[in-house]
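Asks: here is a sequence with its predicted model. Questions after.
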Amino acid sequence: MRPTFEIADGAWEITSAGALRCRARVLAVGVMEYSDDELGSMADGSGTGGMLVALDSLAEPRSLRSLEGVPVVIDQHTWIEDAQAQGPVQVGYVAGAPVVEPPYLLADLVITDRSAIDKIKARQVAEVSTGYEADSVPERGEYDGQRYVGRQTQIRYNHVALLPTGAGRGGHDVRILNTKLPQPQQQEAVMADPIRVRLRNGKTIQVMNEDDAKAVEDVDQQVETTTADASKLESLMAELETLTTAKTELDANYTRVTGELQSIKEQLEAAMSPAAVETAAQEIVNQREDATQVMNCQTLPEDMKALSGDALRAEVVTRVRAQNGLPEIPADKLADANFVAGLYEGLRHTPVHKRVVNGSTMVQTGVTTQSAMGMADNRARFDKLYGAKQ
């Protein structure tokens, strides 16, 4: 498999033999994109799919040893089958042991070909593409926002290719590390071959040098942070609006309840005033005097002296009717204050000498004590008023 990556700048030097030694990021943890033809049986039919290179695959010791000494080629991938017969395609080699600095795999490249050295200095080649074979394990998932259909393991490196700017598949941070500024005569080449910076939103911006690339990366990071802060601010504003609405409703309810309490308090205070108490007491006295007249007695029986209002009227009606042999009032009717009040009014308009209540001290009206004839006369009058007893 031959995935490609972009190049990043860093330190490089010219050896005493005239070779250029530079450090490059040759691979990185991440998802490499392949076509369905390259993926074969793992393709999901979408046209493209990702293969994940995880850190454990990148740092596997046997894989790292396979990178030591592999040929460096230029301009295009050339798969090396016979290291002895590679001839003019090789422009250098990987020197020393590779180093893993997550998320990157770093390696020193020694470039011996004069033309390739000139192109690197002029940044006519600015990207690194590492050719390798690997075992592919089907596995679906997502890494850093990119979906993948498989994982690459047991990586075995074949070569490292130096490519023109824009020819790689990956981010601009996988590249030759080169901090030296170009010579004045090379400035035109730099301008002709800008560096691509891939933003977090997937878009790409072209810049003229590494300082600009770094500045774009910093701004991109700040934009992401600002976007997150703006999203949080929007959420907080929405929450504040909800709380403000709730507070307005609570304030309105508080004001209403406060007014209602004040009204009840004023009513209670008025009810408990001396004038109100005096009025209520006089009303009870009036009721009892009226009940005494209705019952045709000098004073109320002891067990009725604590009654007032509807309870007093109901008791008066019950006793008068019972004493005069009238039907007992049903409980539901007796509980009806309006019905009892009507009966009570009827008794008030009955002649005094017709009302007899045992247990009370009778008022002498000049009429002889009730006799059998008088009782019959009372019976006739009550039957006329309330209906004959069945």
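Replies: Ah, there it is.
Asks: what segments of the stretch 101-250 of the chain are helices?
Replies: With DSSP state H, counting those that start in this stretch as the criterion, the stretch 101-250 of the chain has helices at 114-121, 187-192, 210-271.
Asks: quick one: the next helix or strand along the chain from the last one to helix 210-271, angle?
Replies: Read that as helix 210-271. Scanning forward in sequence from helix 210-271 by DSSP states H and E, the next helix or strand is helix 274-294. Going by axes from the mean of the first three to the mean of the last three C-alpha atoms, to 10 degrees, helix 274-294 is angled at 50 degrees with respect to helix 210-271.
Asks: pLDDT weak spots in the stretch 101-250 of the chain?
Replies: 166-198, 200-210, 223-228 (pLDDT under 70).
Asks: which residues touch stretch 337-346?
Replies: For stretch 337-346, the surrounding residues in contact (C-beta atoms under 8 Å, 6 or more residues apart in numbering) are 294, 310, 313, 314, 316, 317, 321, 329, 333, 334, 385, 386. No exception for glycine: its C-beta is placed from N, CA and C like everyone else's.
Asks: could you dump those into TSV with neighbour count, distance to residue 142 and pLDDT added?
Replies: Converted to TSV, the contacts of stretch 337-346 look like this (neighbours: other C-beta atoms under 10 Å; distance: C-beta to C-beta, whole Å; pLDDT from 0 to 100):
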residue	neighbour count	distance to residue 142	pLDDT
294	22	95	87
310	15	80	92
313	22	86	91
314	21	84	92
316	26	91	92
317	22	89	91
321	17	92	89
329	18	86	91
333	11	82	90
334	16	82	90
385	13	97	55
386	14	94	53
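Asks: mind listing what residue 19 touches?
Replies: By C-beta under 8 Å, 6+ apart, the neighbours of residue 19 are 92, 110, 111, 112, 117.
Asks: thought residue 119 was touching residue 74, still the case?
Replies: Yes: between residue 74 and residue 119 there is a contact under C-beta atoms under 8 Å: 7.1 Å.
Asks: need the residues touching each of those two.
Replies: With C-beta under 8 Å, 6+ apart as the test, residue 74 and residue 119 both reach 125, 162.
Asks: which residue is nearest the middle of the protein?
Replies: Centroid-nearest residue in the chain: residue 235, 9.2 Å away (criterion: C-alpha atoms, centre = their mean).
Asks: tell me the spacing between that one and residue 241.
Replies: 11 Å (C-beta to C-beta, to the nearest Å).
Asks: for residue 26, same thing?
Replies: Separation of residue 26 from residue 241 (C-beta to C-beta): 53 Å.
Asks: which of the contacts of stretch 337-346 sits closest to residue 98?
Replies: Proximity of these to residue 98 (C-beta to C-beta) peaks at residue 310, which lies at 104.3 Å.
Asks: can I take it that that closest one is in a strand?
Replies: No: secondary structure of residue 310 (DSSP: H, G, I helix; E, B strand; the rest coil): helix, not part of a strand.
Asks: low-scoring stretches of the stretch 251-390 of the chain, by residue?
Replies: Using pLDDT under 70, the stretch 251-390 of the chain drops low at 352-390.
Asks: once you drop chain neighbours, what's closest to residue 134?
Replies: Once flanking residues are discounted, residue 134 sits nearest to residue 152: 4.1 Å by C-beta to C-beta, 6 or more residues apart in numbering.
Asks: spit out the contact partners of the one you found.
Replies: 1, 32, 51, 52, 53, 57, 134, 135, 136, 137.
Asks: check the secondary structure at the third one for me.
Replies: In three-state terms, and counting by three-state DSSP, residue 51 is strand.
Asks: residue 319: neighbour count?
Replies: 18 (other C-beta atoms under 10 Å).
Asks: phi, psi of it?
Replies: Per-residue torsions, residue 319: phi -70, psi -40 (degrees, to the nearest 10).
Asks: going forward, the N-terminal residue is numbered 4.
Replies: New numbering, starting at 4: the last item is residue 322.
Asks: does it touch residue 298 like I think?
Replies: Yes: counting by C-beta under 8 Å, residue 322 does reach residue 298; the two are 7.1 Å apart.
Asks: give me the element the residue nearest to residue 297 when sequence neighbours are not counted is part of.
Replies: In this structure, residue 297 finds its nearest non-sequential neighbour in residue 350, 5.0 Å apart by C-beta to C-beta, 6+ apart. If you go by DSSP H and E, residue 350 is part of helix 340-351.
Asks: that helix to helix 277-297, inter-axis angle?
Replies: 50 degrees.
Asks: any buried residues in helix 340-351, and which?
Replies: The neighbour-count check on helix 340-351 (16 or more other C-beta atoms under 10 Å) flags 342, 343, 346, 347, 350 as buried.
Asks: check which element follows the helix or strand hosting residue 29 along the chain.
Replies: If you go by DSSP H and E, residue 29 is part of strand 23-31. Downstream of strand 23-31, the next assigned helix or strand under DSSP H and E is strand 33-38.
Asks: state the next helix or strand along the chain beyond that next one.
Replies: helix 39-42.
Asks: packing partners of that following helix?
Replies: Helix 39-42 is packed against strand 51-56, with contacts defined by 3 or more C-beta pairs under 8 Å, 6 or more residues apart in numbering; DSSP states H and E.
Asks: what packs against the strand it packs on?
Replies: strand 33-38, helix 39-42, strand 130-146, strand 149-166.
Asks: between strand 33-38 and the longest one, find me the angle.
Replies: With the same axes, to 10 degrees defining the directions, strand 149-166 sits at 80 degrees from strand 33-38.
Asks: just checking: what are the partner strands of strand 149-166?
Replies: strand 51-56 (parallel), strand 74-77 (parallel), strand 130-146 (antiparallel) (DSSP bridges).
Asks: can you point out the buried residues in the first one?
Replies: What that stands for is strand 51-56. 52, 53, 54, 55, 56.
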